[in-house]
Structure formats: structure tokens, C-alpha cells
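Engineer: curious how this folds, go ahead:
(one chain, ligands or ions: 2)
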Amino acid sequence: MNLILFGPPGVGKGTQSELLDLRLGIKPISSGVIFRQEIEAETDLGRLAKRYIDQGRLVPDHVTIEMMAKRMRSPDLQRKGFALDGFPRTLPQAEKLDTMLDEMGVEITRVISFEVPDETLVKRLSGRMGCTRCGAIYHRDNKPPKRDWVCDVCNSELFVRSDDQPEAIRSRLQVFHDQTQPIIEYYERTRNVLHIDGRQDPEDVYHQVIGGLGS
Ligand code: AP5
Ligand code: MG
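Structural biologist: Ligands and ions are numbered 1, 2, ... in the order given. Next up is the predicted model:
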């Protein structure tokens, strides 16, 4: 099963990818995670991406598309199925992705659009913590780790993302509404979109997804 997880910052794309991977073996491909790995490794791509990410702006299309094309050609992903998280985010990215998928002979099973009001997104992003090693996602109030700042899964230290600061959060939400949300119209025309109410807790959201995929 190959999915596109679509939705604003903080809606729970990463949280649902974790569950889909753990329970169904669907491999997450998150453009944001790949950028953060490049930043951590201090590559040229990472240095370039950081300038945009810290301000809550999109990394330019040609850079993002080239990076994602490389990652998607991995044979392992094509065998097990994947969930794209955070890509595509602009119309040129969506169109280029369709060309890539055609060339690879890969079908997208469903586009899943997660929907949550902005004020809830701000609360989720302001309280998020992530694991430096395994990438597990926590929240100060909704999903606290058992021990302060320590990952339940791998015991590594937790961190706060540099773009989860108030100004960057405001900018990311604005960018989503201006540049990313409009591409859902492209998908409504070209694919079968599953709309999910993301306000419930992660388990309920997951069950909505599984129920919707079966229908
Ligand atoms: P990216 O890493 O993709 O960030 P994002 O889209 O802004 O989304 P987030 O990761 O912030 O949120 P999420 O939906 O994954 O939510 P999560 O599950 O963590 O991108 C970062 C940056 O990289 C971009 O701003 C851009 O600069 C650049 N970039 C990336 N892709 C790009 C592209 N294609 N083109 C150009 N630039 C690109 O959950 C959030 C919090 O809420 C957590 O604390 C979690 O525990 C909690 N939570 C989750 N679900 C629930 C729930 N159901 N109920 C209560 N709490 C919940
Ligand atoms: Mg994420």
C-alpha cells in the first residue's frame, strides 16, 4: 500500500506514520525527517535547508524534488509500500511526483488528508518533543515520556525542533494555507482523497484511517 499523508504542520502525519510502520510495515518517507538528517550530518544540502526551515519557509522545489527522487528509488520502499509525509507541498512537487511514479510504475493507493483547526495545531507544535535517535514523537501534555527528556523506546535524549518556536510556527501555518493547501484541489481532481478528522486522539485517528482505507 502506497499512501500520501497530507496536512498542516502538527496535524499528526509523523505520529500516524509511526503507527502505520509499526503495525502494517508501511515505510515512512518524510521530507522533513530527511532534511533534519542532512542538517545533523552538516552536509551542503543540510546547510541550505536549515536557512529555510528555521524561518518556517519551504525549501526550494528543485532541491526538494531531487532529494525525494533519490530516496523514492530505494527498492526496499517499493517492496513494502510507503507513506509519503510532507511531500508534495507545492503544485510543481505534486506534478513531478506523478511523473516519477509513472516512470517507476508505482501506484498511489490513497491520498489521506488530515484536518485539524489552527489553534489546536499551535498547541501541538508548542509542546512537541522528538527523539534524537529513533525519531519517536512525544508531547508535553498529550504524550509525555515516562522520564523527563528521555525516549521511552531507545533511552536517548529528547529535543525540541528549531522550527517549533512561536514565530516559525506562525510562518509554517501561513505557508501551508498559501502554498500547500491548494494542491488538495489537484488531488481531488486526479485521485481518491480520504478526509480524516485529526482532532481525536492518535488511536482514534488511526482507526479512522484504517476504516477509510478498507472502504
Ligand atoms: P516537516 O518535518 O514535514 O514538518 P511539518 O509538515 O511542518 O509537520 P510536522 O512534522 O511539524 O507535524 P506532523 O504532522 O508530523 O505532526 P506530529 O505527528 O509530529 O517539515 C519541516 C520543514 O522542512 C518545513 O517547514 C519546510 O521548511 C521543510 N520541508 C519539508 N518538506 C518539504 C517540502 N516537501 N518542500 C519544501 N520544504 C519542505 O505531531 C505534532 C505533535 O502533536 C506531537 O507532539 C504529537 O505527539 C502530537 N499529536 C499528534 N497527533 C495527535 C493527536 N491525534 N492528538 C493529540 N496530539 C497529537
Ligand atoms: Mg512530521
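
Engineer: distance of the closest residue to Pro8 other than its chain neighbours from Leu58?
Structural biologist: Nearest-residue entry for Pro8: Phe176, 4.5 Å, with adjacent residues in sequence omitted and distances by CB to CB, 6 or more residues apart in numbering. The C-beta positions use only the backbone N, C-alpha and C, and glycine is treated the same way. According to CB to CB, to the nearest Å, Phe176 stands 10 Å off from Leu58.

Engineer: same check on Ile196?
Structural biologist: The separation that Ile196 has from Leu58, given CB to CB, amounts to 23 Å.

Engineer: which of these two has more neighbours?
Structural biologist: Ile196 (24 against 19; other CB atoms under 10 Å).

Engineer: send me the helix or strand hosting that one as PDB with only the CA atoms.
Structural biologist: Using DSSP states H and E, the element containing Ile196 is strand 193-197. Output of strand 193-197 as PDB, limited to C-alpha atoms (Å, rounded to 0.1, in the frame of the first residue of the first chain):
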ATOM      1  CA  VAL A 193      -8.800  11.600  -1.300                       C
ATOM      2  CA  LEU A 194      -9.700  10.200   2.200                       C
ATOM      3  CA  HIS A 195     -10.600  13.100   4.600                       C
ATOM      4  CA  ILE A 196      -9.800  12.400   8.200                       C
ATOM      5  CA  ASP A 197     -10.800  14.400  11.300                       C
END
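
Engineer: would you map the strands across the protein?
Structural biologist: With DSSP state E as the definition, the chain shows strands at residue ranges 3-6, 27-30, 82-85, 110-115, 128-131, 137-139, 158-159, 193-197.

Engineer: which of those strands is buried the deepest?
Structural biologist: strand 3-6 (a mean of 25; mean count of other CB atoms under 10 Å).

Engineer: what about it, distance to the chain center?
Structural biologist: Here strand 3-6 shows a centroid-to-chain-centroid distance of 8 Å under the convention CA atoms, centre = their mean, to the nearest Å.
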